[in-house]
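K.L.:
build me a model:
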Amino acid sequence: MKMEQAGMEEMSSILSSADSSPARKAEQLVLLSSLLAVDTSARASAIVQSISLPVLFGCLQTEDSGQIKACCSVLKKAINAVEADVILGDSPLLLTGFKHKSSEVRLLCISAASRSLVSEVPCLQVLESDLGATMIHLLADEDLLCSQAAADFLTAAAGFGACSRLLFSAGGHLLKELISLLTSSSTVRYRVLAMVASLALKTEDMLALCGDSGILKALFDDLLTDDVLVRLNAIEVLDTLVSSAHTVRYLREQGVVAQLADVIKTADSNPVNQFILPGVFKFYGLLSACDHVDVCDLHAEHPEFLTGTLSLLAARDAMLFLTLMDTVALVCRAEGGVRLVLRHESCTKAFESLCRALTIGPSDARERALITMRAILDAAVRAGGELDADAMACVKARWYDPIASTVAVSPAQSAWSYAKDPSVQVRCAALSLLSVFTHLPFGTRDMLLLPGFIEYALDRATETERSSWEAKYSLVNAMLAAAEFRDGLDAADVMQLRTYVRQGAVFVRGQVSAAVDEDYI
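P.N.:
Residues are numbered from 1 along each chain as shown. As a prediction, the model looks like this:
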């Protein structure tokens, strides 16, 4: 034990000596790292007591990258070997690490500071010290991992009431630091706005703090600039705010939703607005799909959203086409959304565009069109397979029958043809659409009339990847579960469908082989 203690003292002397060469220090650090790797936590703690943290942090003050790397390896184990209050109680050490040129060191020290997040008191101590302001500055770090780690720390810290009040205290130094970052680069500004938006989602009290800070107003002001990238970034942050009822209410009260609706109305007269329409329609789709938003009330208040979506989809706007299909799918998934879509004057022409995308569009457009069509049909089928008669009638009259008369084949037959597409994604989307057809009387009728369809459904050899195996299995399961579809089959087909379902999505038929004794031959 005395020899071991003497060895630790010698190692500490080498590491703390200004006369020791970087190579020798690195050699000792590698040795120390190996000792910490194999020793128990108790032994590791004893080693750290022999070679203090200040000595180890002192080894970071060098230009030698090898020494820094070796020292980081030691510090990762050393910091975990001591109590949190030991490392947090020496804030100057962490402060030097926060400002170190090496991103690995900065990340290590942020991780060490994160040990304060176990309770409010130590976390508050970190924020009240110089570490708090420096942590905010790390949001602007050029290393993405460091900036994200700093954002994660501040987000977690704001979960404590006292910490959130300190962070957003009017006139407080931390809030001033946050606001100062808004005038930095557009990238850093976006990080700050995104972090504050994520905090506003948590509770109404937190939203009030974020709103009073003026940072959310800065986000809304970005919607008024002529810089397209800044506006698109702002809308992307707004997308996160639709997931909470209190933030949606706040957006409406602040006139943000009305402001985005105006972008659609003025798109023809303002060329800049043309470039941010994709972001606006995406926002509308996400807003419509939220459980706490009544899509019918939203349409009554701002009809521009749906009218713009369907009219531009009907016009087959190349820049917006994929986004518009996604938006329609999201609106249809909302309660009452499919009725709004199907009763709109632009509905039929919009769905003609969907059919056109299926016939001549690229692979991603075909996939999106199939997904959108499924969303429309899904709206006619309630949980448990119960039919919404009103929605079903709308689907048949405004979408299913017009498509059949336009392209001279039933939508079921068209979907089946895409279930044999070379693209796995398209095949899966088509199989998913066919699964919904089994719940609809007119879909069931057309599927039963397709020659060879049952044989295709039972043929496992048509698919070679797990995703398509599972999509095919879902279709067969839906065929068997739908009473009307099942009643249209003979007993032998029903028995084969049951066997398919019992065997599961992934099934490989066993092969029998015989061993032959060559000597016998």
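
K.L.:
list the buried ones in the strand or helix carrying Arg249?
P.N.:
Assessed by DSSP states H and E, Arg249 sits inside helix 245-253. Neighbour counts over helix 245-253 (16 or more other C-beta atoms under 10 Å) mark His246, Thr247, Val248, Tyr250, Leu251, Arg252 as buried. Every C-beta, even on glycine, is put in place using the N, C-alpha and C of the backbone.

K.L.:
got it, and stretch 489-506?
P.N.:
Neighbour counts over stretch 489-506 (16+ other C-beta under 10 Å) mark Leu489, Asp493, Val494, Gln496, Leu497, Tyr500, Ala505 as buried.

K.L.:
ok, now stretch 459-476?
P.N.:
Going by neighbour count (16+ other C-beta under 10 Å), the buried part of stretch 459-476 is Arg460, Glu463, Ser468, Trp469, Glu470, Ala471, Lys472, Tyr473, Ser474, Leu475, Val476.

K.L.:
identify the farthest-apart pair in these.
P.N.:
Arg460 and Ser474 (13.9 Å; C-beta to C-beta).

K.L.:
possible to save the buried residues of stretch 459-476 as TSV with distance to Ala149, secondary structure and pLDDT?
P.N.:
Shown next, in TSV, are these (distance: C-beta to C-beta, whole Å; DSSP: H, G, I helix; E, B strand; the rest coil; pLDDT from 0 to 100):
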residue	distance to Ala149	secondary structure	pLDDT
Arg460	48	helix	88
Glu463	43	coil	87
Ser468	40	helix	90
Trp469	40	helix	91
Glu470	37	helix	92
Ala471	39	helix	91
Lys472	44	helix	92
Tyr473	42	helix	92
Ser474	41	helix	92
Leu475	45	helix	92
Val476	48	helix	92
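
K.L.:
return the closest of the residues you listed with respect to Ala393.
P.N.:
Leu475 (24.9 Å).

K.L.:
what mean pLDDT does stretch 252-263 get?
P.N.:
For stretch 252-263, the mean pLDDT works out to 93.

K.L.:
my bad, stretch 80-89
P.N.:
Across stretch 80-89, pLDDT averages out at 74.

K.L.:
make residue 1 into 8 and carry on from there
P.N.:
In the new count, where the first residue is 8, that last one comes out as stretch 87-96.

K.L.:
buried sites along the helix or strand where Val199 lies?
P.N.:
Assessed by DSSP H and E, Val199 sits inside helix 193-207. The neighbour-count check on helix 193-207 (16+ other C-beta under 10 Å) flags 195-207 as buried.

K.L.:
show me the helices in the stretch 308-457 of the chain, by range?
P.N.:
Using DSSP state H, counting those that start in this stretch, the helices of the stretch 308-457 of the chain run over residues 311-321, 328-340, 344-349, 354-367, 370-385, 396-402, 408-414, 418-425, 431-444, 448-455.

K.L.:
where does pLDDT dip in this structure?
P.N.:
For the chain, applying pLDDT under 70 flags the ranges 8-59, 387, 389-395, 411, 413-415, 515-528.

K.L.:
residue closest to the middle of it?
P.N.:
Thr247 (10.1 Å; C-alpha atoms, centre = their mean).

K.L.:
so that one touches Val203, yeah?
P.N.:
No - using C-beta atoms under 8 Å, Thr247 is not in contact with Val203; the gap is 10.5 Å.

K.L.:
on that earlier part again, wait, which of the buried residues of helix 252-260 is closest to Asp228?
P.N.:
Leu258 (14.2 Å).

K.L.:
so who does that closest one touch?
P.N.:
By C-beta atoms under 8 Å, 6 or more residues apart in numbering, the contact list for Leu258 reads Leu245, Leu248, Val249, Val264.

K.L.:
from Ala274, how far off is it?
P.N.:
For Leu258, the distance to Ala274 (C-beta to C-beta, to the nearest Å) stands at 21 Å.

K.L.:
what's the answer for Asp298, then?
P.N.:
29 Å.

K.L.:
quick one: which of those two has more around it?
P.N.:
Between Asp298 and Ala274, counted using other C-beta atoms under 10 Å, the more crowded position is Ala274 (19 against 9).

K.L.:
how is that one assigned, secondary-structure-wise?
P.N.:
coil (DSSP: H, G, I helix; E, B strand; the rest coil).

K.L.:
find the nearest non-adjacent residue to it, please.
P.N.:
Asn280 (4.5 Å; C-beta to C-beta, 6 or more residues apart in numbering).

K.L.:
so how many other residues sit close to that neighbour?
P.N.:
Applying other C-beta under 10 Å, we find 18 residues neighbouring Asn280.

K.L.:
could I get the contacting residues of it?
P.N.:
For Asn280, the contacting residues are Val270, Ile271, Thr273, Ala274, by C-beta under 8 Å, 6+ apart.

K.L.:
in what helix or strand does it lie?
P.N.:
Assigning secondary structure by DSSP H and E places Asn280 in helix 278-296.

K.L.:
buried set for that helix?
P.N.:
Those buried within helix 278-296 under the rule 16+ other C-beta under 10 Å are 280, 283-296.

K.L.:
show me which residues of stretch 398-417 are buried.
P.N.:
Buried residues in stretch 398-417 (16+ other C-beta under 10 Å): 398-399, 401-403, 405-407, 409-411, 414, 417.

K.L.:
among those, which pair sits farthest apart?
P.N.:
Using C-beta to C-beta, those span at most 22.8 Å, a distance reached by Ala398 and Val414.

K.L.:
isn't Lys356 right next to Arg323, touching?
P.N.:
No - using C-beta under 8 Å as the test, Lys356 is too far from Arg323 to be in contact (9.6 Å).
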